[in-house]
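J.: Predicted model and sequence follow; I will ask about them next.
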Amino acid sequence: MSKTEIEKFLANLKIAIATHGLDVVPRRPNIEALIDLGLTPSIREQIILNLDYRDYSDGPLPDDQEESGDVWIFGMEVDYREIYIKLKIVELGEQKYAKCLSFHPAKHHIKYPFKQ
């Protein structure tokens, strides 16, 4: 994956968030992460909006939970804890929607190919 492709995904994700908001899958780890980290949904959204290519870990990968679309994996340190972030852009006709599948403390160290 190239820096340009990652930046393009993040730019499209930011446009989708600005247009339609961020849809977060209400899984238990995602909900508990906000409580454990003392974050609000708007702070989580700001963290996602501030991702850049250096936070990239993997993707695009097939979404194993849905029939279509690819997922992208990112990570970021929040309050000295590494956070695992899985995102995708869902396309419905002409519309694009941002979806956060995972946002919780990482179970394993995340590898970052673009961080020095």
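T.: Yes, it's here. Residues are numbered from 1 along each chain as shown.
J.: Please pull out the lowest mean pLDDT helix or strand from the protein.
T.: Ranked by mean pLDDT, DSSP states H and E, the weakest helix or strand in the chain is helix 28-37, scoring a mean of 90.
J.: what angle do the next helix-or-strand element following that one and helix 28-37 make?
T.: Toward the C-terminal end, the helix or strand that comes next after helix 28-37 (DSSP states H and E) is helix 41-49. If you take axes from the mean of the first three to the mean of the last three CA atoms, to 10 degrees, helix 41-49 sits at 100 degrees to helix 28-37.
J.: What's the first helix or strand after helix 41-49?
T.: strand 56-62.
J.: which strands and helices sit next to the helix or strand that comes right after that following strand?
T.: Counting by DSSP H and E, the next helix or strand C-terminal to strand 56-62 is strand 70-78. In terms of contacts (3 or more CB pairs under 8 Å, 6 or more residues apart in numbering; DSSP states H and E), strand 70-78 is packed against strand 56-62, strand 81-92. The way it works is simple: take the backbone N, C-alpha and C, and place the C-beta from them, glycine included.
J.: try it again with 10 Å
T.: Under the contact definition 3 or more CB pairs under 10 Å, 6 or more residues apart in numbering; DSSP states H and E, strand 70-78 sits against helix 3-20, helix 41-49, strand 56-62, strand 81-92, strand 95-105.
J.: The residue nearest to the spatial centre of the chain pairs with what?
T.: The chain has Leu87 as the residue nearest its centroid, 3.6 Å off, counting by CA atoms, centre = their mean. Applying DSSP bridges to Leu87 gives these bridge partners: Trp72, Cys100.
J.: Tell me how far it lies from Ile17.
T.: Note on Leu87: its distance to Ile17, by CB to CB, to the nearest Å, is 10 Å.
J.: quick one: common contacting residues for those two?
T.: Contact with both Leu87 and Ile17 is made by residues Ile48, Ala98, Cys100, according to CB atoms under 10 Å, 6 or more residues apart in numbering.
J.: Which among those count as buried?
T.: Burial by neighbour count, 16 or more other CB atoms under 10 Å: within the shared contacts of Leu87 and Ile17 this picks out Ile48, Ala98, Cys100.
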